[in-house]
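>>> Sequence and computational prediction follow.
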Amino acid sequence: MDNSTQESHLRSDNNSVTYDSPHPLYAMAFSSNPNPQHHQRIAVGSFIEEYTNRVDILSFNPDTLSIKPQPSLSFDHPYPPTKLMFHPATHSSLQKTSSDLLATSGDYLRL
């Protein structure tokens, strides 16, 4: 399944948003960067019992209530990522940059 064109929408029956990943998921993190120029970002990490795993970055659009993969921001990860975390955004850091910083851990910590 090619997740680059995949987009998930709000289900009206239970007010939830779904994302169907092409692989089993284990780790997840939400960005706290409230920059209005960028949609909220979600990082999800795969759990594949092999060396090559994946971290996918998704964007949540509150206007259309949809989740869309961002393939240009996704990357391969050695071994399953057991923890994903975005750098917490502070008011002073928002004035300096609009980018998110993501840390992952698996067999060791990667920044």
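Everything's here; your move. Keep in mind it's a predicted model, so treat the numbers as computed, not measured.
>>> Quick one: residues in contact with the longest strand along the chain.
When the chain is parsed with DSSP state E, its longest strand is strand 52-61. With contacts defined as Cβ atoms under 8 Å, 6 or more residues apart in numbering, strand 52-61 is touched by 3, 17, 19, 21, 23, 38-48, 66-70, 73-81, 84, 102, 104, 106. Where you see a C-beta, it was placed from the backbone N, CA and C, and this is true even at glycine.
>>> The residue lying closest to Phe75 once chain neighbours are set aside: how many residues sit nearby?
Leaving aside its chain neighbours, Phe75 sits nearest to Val55 (5.6 Å; criterion: Cβ to Cβ, 6 or more residues apart in numbering). As a burial measure, Val55 scores 21 neighbours (other Cβ atoms under 10 Å).
>>> Model confidence for Val55, exactly?
On pLDDT, Val55 comes in at 96.
>>> Which strand residues bridge it?
With DSSP bridges as the criterion, Val55 is bridged to Gly45, Phe75.
>>> helix, strand or coil for Ser72?
Look at Ser72: counting by DSSP: H, G, I helix; E, B strand; the rest coil, its state is helix.
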